[in-house]
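K.L.:
sequence and predicted structure, then a few things I'm wondering about:
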Amino acid sequence: MTRSRLLPVTRETHHVQIDLVYATDRNLTGKPIYKTQHCLLLEPAEAALRKAVTIAQSFGATLKIFDAYRPPQAQEVLWNFLPDPTFIADLGRGSNHSRGTAVDLTLVDSDGIEFDMGTGFDAMVPESGHFHAGLPAHVQRNRTLLLGVMHGAGFAHIPSEWWHYELPGSRELALIDNEESGPLRLM
């Protein structure tokens with residue numbers, strides 16, 4: 001994978017819903033981490049997202065994005081709040097969000113209602129794992145459906161978070177500190 005530029009993802013251009021929770025107090029820290037809401041992805045991830053949108057649309061669903069590109073400074077805020085490598089990439093390794101190749105998302109139906117995934121986004125609990133035993137069958141179906149959409153578009157998943165998808169090979173890329181295109185300023 002070659003390094004490219006960050007591209008904006010919008011409702012209008014990508015036919016997705018966007019709710020960047022780190023720009024709100026509705027995240028695990030309880031306070032906004034981003035001052036503004038910019039949804040950005042590296043070119044190859046943006047292209048894969050477009051494929052995922054098409055796959056989801058084929059069965060009447062829409063993607064709802066909770067996070068995409070994340071500045072390294074925001075990753076540091078999350079790590080300092082919850083230094084658990086099961087859920088937060090440690091600073092030495094860096095997050096693929098900070099490489100512009102990861103996206104956190106879910107599926108919504110034609111009425112804009114989120115599919116039941118068993119836990120909320122950013123629930124840092126064992127039940128958030130993709131194949132956590134004991135979840136109701138409809139939750140497992142919904143998670144598997146999202147998994148199929150994202151794998152079909154070229155993304156990979158991580159075991160601990162049903163909402164997190166990233167491009168394979170992302171660790172080969174450098175972290176991006178996006179100063180030139182209107183950085184997400186930390187609060």
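P.N.:
Everything's here; your move.
K.L.:
from now on I want contacts and neighbour counts done on CA atoms only, so please keep to that.
P.N.:
Will do.
K.L.:
G60 reaches L107, doesn't it?
P.N.:
No: with contact defined as Cα atoms under 8 Å, G60 does not reach L107; the gap is 10.0 Å.
K.L.:
tell me which of the two has more neighbours.
P.N.:
L107 (25 against 11; other Cα atoms under 10 Å).
K.L.:
which element is the more buried one on?
P.N.:
strand 102-108 (DSSP states H and E).
K.L.:
check the spacing between the most far-flung residue of the chain relative to its centre and L147 real quick.
P.N.:
For the chain, the largest distance from the centre (Cα atoms, centre = their mean) belongs to G134, which lies 24.5 Å off. Note on G134: its distance to L147, by Cα to Cα, to the nearest Å, is 18 Å.
K.L.:
what residues of the least confident helix or strand in the chain by mean pLDDT count as buried?
P.N.:
Counting by mean pLDDT, DSSP states H and E, the chain has its least confident helix or strand at helix 72-81, which shows a mean of 93. Neighbour counts over helix 72-81 (16 or more other Cα atoms under 10 Å) mark 72-76, 78-79 as buried.
K.L.:
got the contact list for the spatially most central residue of the chain?
P.N.:
Central residue of the chain (Cα atoms, centre = their mean): D104, 1.5 Å from the mean position. Applying Cα atoms under 8 Å, 6 or more residues apart in numbering, we find D104 in contact with 65-68, 163-165.
K.L.:
can you list the residue ranges for helices in the chain?
P.N.:
11-14, 43-57, 72-81, 137-152 (DSSP state H).
K.L.:
distance to D122 added to those, as TSV?
P.N.:
Shown next, in TSV, are these (distance: least, Cα to Cα, whole Å):
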stretch	distance to D122
helix 11-14	22
helix 43-57	20
helix 72-81	11
helix 137-152	15
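K.L.:
tell me which of these is the most buried.
P.N.:
helix 43-57 (a mean of 19; mean count of other Cα atoms under 10 Å).
K.L.:
that helix vs helix 137-152, what angle?
P.N.:
For helix 43-57 against helix 137-152, the angle between stretch directions is 140 degrees (axes from the mean of the first three to the mean of the last three Cα atoms, to 10 degrees).
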